[in-house]
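Chemist: Take this sequence and fold it.
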Amino acid sequence: MDAQAVDGALTTAEYDRLVRAADSYRVELLVALCGRVGLRPGEIARLRPGDLDRTAEGHHFLSVPGDDGDARDAYVPPDVADDVRKYADAAGLAGDDALFGVTARRLQMLVAEAARRAADGDDDPLADASTRDLRAHFARRLLVANDVDPRVVWAAGGWSSLGSLDPYVERPTREAVAAALSDADTPSDPDTTAETVDAGVDAATDVRAETSRPDSRGDDSVFAETAAALGRALTDATDRPAVEARACEALASVVGPTAVCDERGEIRAAAGVDDADARAAVADALRGTALPDAADGVRFVERGLDAEAWRADRTLAATPIRAGDRVHGSLCVVVDPSTRADGVRRALVDAGRRVGWAVAATDRRERLRSDAGVELVFEATGDSFFAATSGDLDCRLELDGVVPVAEQSLLCFVAAGEVAVDALLDRAGAASAVTDARLIRDAGDRAQLELVVRPDSPVGALVEQGGAVASLTAAEGVARVAAVFPTGTDVRAVVEAVTSAFPGVSLRAKREATRRASPGDVHRTLERDLTEKQRSTLRAAYLAGYFEWPRGSTAEELADSMDVSAPTLHNHLRKAQQKVFTALFDSPS
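Modeler: Reported below is the predicted structural model:
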């Protein structure tokens with residue numbers, strides 16, 4: 001065995017640093033699937049939300065498709081399973097959609113980028129960490145730290161043979177061999193052993209349920225419990241108050257009294273902190289105390305907890321509610337001072353990031369849905385992707401719509417006229433502002449593309465400042481983008497933030513925003529524009545559970561019930577949906 005091969009696996013501390021360096025739920029989930037589930041990039045690229053399964057005993061497994069068409073069952077810790085569901089729900093993925101929708105190579109690049117952010121200089125082992133190192137961490141943690149049966153690791157991780165695990169274990173000393181075998185006076189039943197091997201993954205469910213979690217020892221148990229509790233609590237939270245209230249309830253049930261405070265230390269939500277004196281104690285303890293930065297993670301506040309409701313033997317732990325570089329207040333939990341171990345610190349930092357991303361996601365959804373207020377029109381030239389592309393390729397680009405996606409990026413649907421599609425895709429692939437591009441359709445004189453635009457772009461900056469992008473057009477090297485901001489927005493601050501970050505961008509107009517689609521528009525469409533057959537088909541499909549997941553009825557079953565052919569039913573459904581969605585997303589005031 002090569003000693004260097006053993007040392008090549010990431011340590012627990014290095015893995016935790018890599019997790020903290022993830023700048024989105026997407027990357028954090030990717031790291032967990034490699035380092036805690038043991039998946040390869042090619043396997044992750046083929047994963048679908050529907051591959052996640054839950055047994056009757058409450059354990060989670062991923063059916064991992066192989067290159068040869070076979071699949072294996074990979075055990076998934078409860079908090080990672082919650083993250084898979086939450087990510088799929090946030091991205092609006094169906095059960096048979098690709099979970100990440102990118103190539104294996106792109107997944108490797110995302111991990112490499114996170115590793116470089118986590119590294120402390122070029123000499124840091126993390127600087128060159130890869131998905132292979134994460135998978136090695138998965139094997140070494142289970143085999144060495146948690147003493148899991150190698151057959152379980154072999155089955156769950158999909159190695160070709162037990163011998164493939166040799167690089168991840170150290171040869172035991174004579175003392176270790178003697179200590180292990182001296183107590184083995186009773187031989188195992190060979191029949192039972194054979195059954196266990198034949199059963200593979202299923203026979204080891206209980207072992208995996210305990211040992212595949214990095215939290216099975218000491219204070220680390222808090223990490224998995226808080227992650228799982230927050231995963232369940234935040235999955236369907238639709239606004240910021242709901243996120244904050246549910247987070248407090250989840251953490252209070254695992255760690256202790258919890259409060260979410262704003263930047264001034266005022267409590268926005270709390271659980272177990274109902275007493276007025278206790279609330280005052282939190283504010284007093286936080287007053288004048290700077291929140292920790294990313295390097296510190298958690299700040300323990302010793303003073304100010306003299307209110308009876310808090311007990312004298314407790315300490316307030318505060319961590320930022322952080323999404324990327326933006327802080328949305330603080331998460332405060334009352335803990336026993338003796339529990340200030342790495343497991344608790346890691347759990348609180350992780351909780352602050354989870355709540356931060358959830359808050360950011362709900363804020364961005366609300367901003368993108370906003371249609372009332374003030375509309376600001378900006379003009380972009382120079383390095384702007386849309387402006388430069390329209391000039392260099394002599395084409396016209398127009399934004400059909402924008403949707404928030406993972407990593408705080410924006411999914412932009414762009415129409416392009418009179419341009420070679422290949423040249424446009426090559427241009428998008430080479431642009432730093434665009435992380436992914438896909439052709440939806442090419443009608444010759446007009447093509448529609450799907451672009452994932454980074455948050456550090458003019459469009460992303462407008463959304464980050466609270467705007468809902470209403471339109472974007474680009475021609476002859478100039479792009480004009482209009483964004484609607486809520487009434488009361490500090491327009492000067494928005495303009496300064498955007499123009500200082502992007503020198504080629506300038507404000508060209510300010511005007512009142514006009515109302516767009518409303519529920520009333522949709523109802524009028526249902527009454528006026530849909531034919532009787534379209535309306536009946538749409539209503540029958542809804543009542544039969546056709547739009548649910550998993551579906552309550554298939555199209556064939558619904559067609560039989562309505563005594564029409566399946567193509568006829570699909571025709572009515574498509575036309576009805578198009579009219580309803582047009583009224584919802586594209587109606588004038």
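Chemist: Would you map the helices across the stretch 351-500 of the chain?
Modeler: Per DSSP state H, counting those that start in this stretch, the stretch 351-500 of the chain carries helices over the ranges 385-392, 421-430, 458-464, 491-501.
Chemist: Could you list every helix and strand in contact with the helix or strand that comes right after the last one?
Modeler: Reading on from helix 491-501 to the C-terminus, the next helix or strand found by DSSP states H and E is strand 505-512. When contacts are defined as 3 or more CB pairs under 8 Å, 6 or more residues apart in numbering; DSSP states H and E, strand 505-512 sits against strand 374-380, helix 491-501. Glycine gets a C-beta too; all of them are placed from N, C-alpha and C.
Chemist: and residue 63, what are its bridge partners?
Modeler: For residue 63, the residues forming beta bridges with it (DSSP bridges) are residue 73.
Chemist: How much space separates residue 558 from residue 532?
Modeler: 17 Å (CB to CB, to the nearest Å).
Chemist: which of the two has more neighbours?
Modeler: Applying other CB atoms under 10 Å to residue 558 and residue 532 shows that residue 558 carries more neighbours, namely 23 against 7.
Chemist: Show the pLDDT at the more buried one.
Modeler: Residue 558 carries a pLDDT value of 79.
Chemist: what do you get for residue 75?
Modeler: 92.
Chemist: hmm, back to that, can you add distance to residue 49, mean neighbour count and mean pLDDT and give the helices and strands packed on strand 505-512 back as TSV?
Modeler: Below are the helices and strands packed on strand 505-512 laid out as TSV (distance: least, CB to CB, whole Å; neighbours: other CB atoms under 10 Å; pLDDT from 0 to 100):
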stretch	distance to residue 49	mean neighbour count	mean pLDDT
strand 374-380	37	21	93
helix 491-501	36	15	90
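Chemist: quick one, which of the ones you listed is nearest to residue 573?
Modeler: Ranking those by their distance to residue 573 (criterion: CB to CB) puts strand 374-380 first, at 35.2 Å.
Chemist: Return the angle between stretch directions for that closest one and helix 385-392.
Modeler: On the basis of axes from the mean of the first three to the mean of the last three CA atoms, to 10 degrees, strand 374-380 is oriented at 40 degrees to helix 385-392.
Chemist: And the contacts of strand 374-380?
Modeler: 386-387, 458, 462, 467, 470, 478-485, 487, 489, 491, 494-495, 498, 502, 504-514 (CB atoms under 8 Å, 6 or more residues apart in numbering).
Chemist: try 7 Å
Modeler: Here strand 374-380 makes contact (CB atoms under 7 Å, 6 or more residues apart in numbering) with 387, 458, 470, 478-485, 487, 489, 491, 494, 498, 504-513.
Chemist: Only whichever of those residues are buried, select them in PyMOL.
Modeler: Here is the PyMOL command that picks out the buried ones among the contacts of strand 374-380, judged by 16 or more other CB atoms under 10 Å:
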select buried, resi 387+458+470+478+479+480+481+482+483+484+485+489+494+498+505+507+513
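Chemist: related to what we said a few turns ago, can you list the helices of the stretch 351-500 of the chain in TSV and add distance to residue 574?
Modeler: Putting the helices of the stretch 351-500 of the chain into TSV (distance: least, CB to CB, whole Å) gives the following:
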stretch	distance to residue 574
helix 385-392	31
helix 421-430	25
helix 458-464	30
helix 491-501	40
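Chemist: can you give me the strands for the stretch 351-500 of the chain?
Modeler: Remark: strands assigned in the stretch 351-500 of the chain by DSSP state E, counting those that start in this stretch are 374-380, 396-404, 410-417, 434-442, 446-453, 468-475, 478-485.
Chemist: Looking at the ones you listed, which one is packed in the most?
Modeler: strand 478-485 (a mean of 23; mean count of other CB atoms under 10 Å).
Chemist: ok, and what's touching that strand?
Modeler: 370-371, 373-381, 384, 386-387, 390, 458-459, 462, 466-473, 494, 508, 513.
Chemist: Count the residues that sit near residue 142.
Modeler: Using other CB under 10 Å, residue 142 has 27 other residues around it.
Chemist: nope, residue 83 is what I was after
Modeler: For residue 83, the neighbour count with other CB under 10 Å is 23.
Chemist: Which secondary structure state does it sit in?
Modeler: When classified by DSSP: H, G, I helix; E, B strand; the rest coil, residue 83 comes out as helix.
Chemist: ok, now which ones touch it?
Modeler: Neighbouring residues of residue 83 by CB under 7 Å, 6+ apart: 25, 29, 32, 231.
Chemist: how close does it get to residue 89?
Modeler: Here the criterion is CB to CB. By it, residue 83 lies 11 Å from residue 89.
Chemist: where along the stretch 51-200 of the chain do the helices fall?
Modeler: Counting by DSSP H, counting those that start in this stretch, the stretch 51-200 of the chain has these helices, from start to end: 78-90, 104-118, 131-140, 150-157, 174-181, 190-199.
Chemist: The longest one - contacts with which helices or strands?
Modeler: Packed against helix 104-118, as judged by 3 or more CB pairs under 7 Å, 6 or more residues apart in numbering; DSSP states H and E, are the following elements: helix 12-21, helix 25-35, helix 41-45, helix 131-140.
Chemist: now these in TSV, with distance to residue 431?
Modeler: Below are these laid out as TSV (distance: least, CB to CB, whole Å):
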stretch	distance to residue 431
helix 12-21	24
helix 25-35	20
helix 41-45	23
helix 131-140	25
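Chemist: nearest to residue 436, of the ones you listed?
Modeler: Nearest to residue 436, of the helices and strands packed on helix 104-118 and by CB to CB, is helix 25-35 at 11.7 Å.
Chemist: That closest one - contacts with which helices or strands?
Modeler: Counting by 3+ CB pairs under 7 Å, 6+ apart, helix 25-35 packs on helix 12-21, helix 78-90, helix 104-118, helix 131-140.
Chemist: Lowest average confidence across helices and strands of this structure, where is it?
Modeler: helix 205-211 (a mean of 35; mean pLDDT, DSSP states H and E).
Chemist: following that one, which helix or strand comes up?
Modeler: Trace forward from helix 205-211 with DSSP H and E and the next one is helix 220-234.
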